[in-house]
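>>> Could you work out the structure for the sequence below:
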Amino acid sequence: MLRHYLILQFTSLIILNQSLYLTCTLFILGPERQFLWPLERREQLWTRIAHAKIESQIKVARLNGCPVQELESELEAIEVNDISNREAVVARKYFPLLFGKDFSRRQENQYNAALDYGYAVLLAETNQSITENGYLMELGIHHQNRENRFNLGSDLMEPFRPVIDYWVTGQKFAEFNRQVRVGLVDAMHTVIKYNGIEMLTQNAVRQYVRECLDYLSGERDEIEVKVEFKDEVPNHALDGHV
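Purely as a prediction, here's the structure:
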């Protein structure tokens, strides 16, 4: 966006005490704005992100016929900036509901491989939107790992992770192969509802990232984050068992 790349806008010339002065208006570059994001806005946005992610996880679990009472209790307990880390607590309960009580995200199997690949696709889409808006991917609002080049993308992608979960749980595959990878890339074209409006996941991510950055930079005072699933069966399903 052009506003992130303008540095100086000259506005007028004035004469004072027989000296000529040039007045100007300073525009702060997008990356520099990140250092000025208010703590309150960062914490409020992370609260919205964590809340939206857990809400969507509950919807995915419900669509898969899983009991969701414990997840709903965790959602009700979320605090500002998720200081008690309800997001992580929910994750430990959520994945065994979807894939079996002995399932762990640390295991090496076709489902974890598919989830990891799908999240990587989602992160790439999020990172592209961040850079297109003139901001740095390294400076996050919650993730602060110096070894992670994509802290901001890792933060902002969270509400859309359940879209990948939704796709994976709707498929039947015995191994993680090319067809599964193609399907996960195509999952970015799954039709969802973002803040009540039907759109492709890819377009929803782009709109959402822009709105988050505008909120953090003070260009908007409110932000809504709500991701819903249009169908009970994921779009772009694989053909048969693979």
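>>> Count the residues that sit near residue 102.
7 (other CB atoms under 10 Å). Every C-beta, even on glycine, is put in place using the N, C-alpha and C of the backbone.
>>> Could you pull up phi and psi at it?
phi -90, psi 0 (degrees, to the nearest 10).
>>> For it, give me its contacts.
Residue 102 sits next to residue 96 when contact means CB atoms under 8 Å, 6 or more residues apart in numbering.
>>> do you know how far it is from residue 57?
Noted for residue 102: a distance of 19 Å to residue 57, by CB to CB, to the nearest Å.
>>> try residue 107
Counting by CB to CB, the gap from residue 107 to residue 57 is 19 Å.
>>> Which one of those two is surrounded by more residues?
Taking other CB under 10 Å, residue 107 and residue 57 do not tie; residue 57 has more neighbours (27 against 11).
>>> Which helix or which strand is home to that one?
Under the criterion of DSSP states H and E, residue 57 resides in helix 39-63.
>>> just checking, what packs against that helix?
On a contact count with 3 or more CB pairs under 8 Å, 6 or more residues apart in numbering; DSSP states H and E, helix 39-63 meets helix 69-76, helix 86-99, helix 151-156, helix 161-169, helix 201-216, strand 227-229.
>>> repeat that for 6 Å
For helix 39-63, the elements it packs on are helix 86-99, helix 161-169, judged by 3 or more CB pairs under 6 Å, 6 or more residues apart in numbering; DSSP states H and E.
>>> could you give the mean pLDDT of the last one?
Averaging pLDDT along helix 161-169 yields 97.
>>> I'd like the distance from the residue most central in space within the chain to residue 186, if you could.
Taking CA atoms, centre = their mean, the centroid of the chain lies closest to residue 157, which sits 1.9 Å from it. Residue 157 sits at a distance of 18 Å from residue 186 (criterion: CB to CB).
>>> worst-scoring helix or strand of the protein, pLDDT-wise?
strand 8-16 (a mean of 40; mean pLDDT, DSSP states H and E).
>>> contacting residues around residue 113?
residue 176 (CB atoms under 6 Å, 6 or more residues apart in numbering).
>>> Which residues does the helix holding residue 57 contact?
By CB under 6 Å, 6+ apart, helix 39-63 touches 68, 71, 75, 78, 80-82, 87, 90, 94, 97, 141-142, 158-159, 162, 165-166, 216, 225, 227, 232.
>>> Return the set of buried residues in that helix.
For helix 39-63, burial by neighbour count (16 or more other CB atoms under 10 Å) applies to 41-61, 63.
>>> now that helix, how far from the chain's geometric center?
10 Å (CA atoms, centre = their mean, to the nearest Å).
>>> What count of nearby residues applies to the residue nearest to residue 164 when sequence neighbours are not counted?
Excluding the flanking residues, the one nearest residue 164 by CB to CB, 6 or more residues apart in numbering is residue 118, at 3.5 Å. When counting by other CB under 10 Å, one arrives at 24 neighbours for residue 118.
>>> Okay, now the unreliable bits of this protein?
1-31, 231-242 (pLDDT under 70).
>>> what about 80?
Low-confidence segments of the chain (pLDDT under 80): 1-33, 143-147, 230-242.
>>> what separates residue 60 from residue 154, distance-wise?
Counting by CB to CB - residue 60 and residue 154 are separated by 20 Å.
>>> swap in residue 96?
Taken as CB to CB, the span from residue 96 to residue 154 is 23 Å.
>>> Then residue 34?
According to CB to CB, residue 34 and residue 154 sit 15 Å apart.
>>> Dump stretch 101-111 to CSV, keeping only the CA atoms.
Taking Å, rounded to 0.1, in the frame of the first residue of the first chain, the C-alpha atoms of stretch 101-111 are listed here in CSV:
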residue,chain,number,x,y,z
LYS,A,101,-7.4,-40.6,22.4
ASP,A,102,-3.8,-41.9,21.9
PHE,A,103,-3.1,-39.3,19.2
SER,A,104,-0.3,-36.8,19.8
ARG,A,105,1.0,-34.0,17.5
ARG,A,106,4.5,-35.3,18.1
GLN,A,107,3.8,-38.6,16.4
GLU,A,108,5.0,-39.3,12.9
ASN,A,109,2.0,-40.4,10.9
GLN,A,110,0.0,-39.4,7.8
TYR,A,111,-2.3,-37.1,9.7
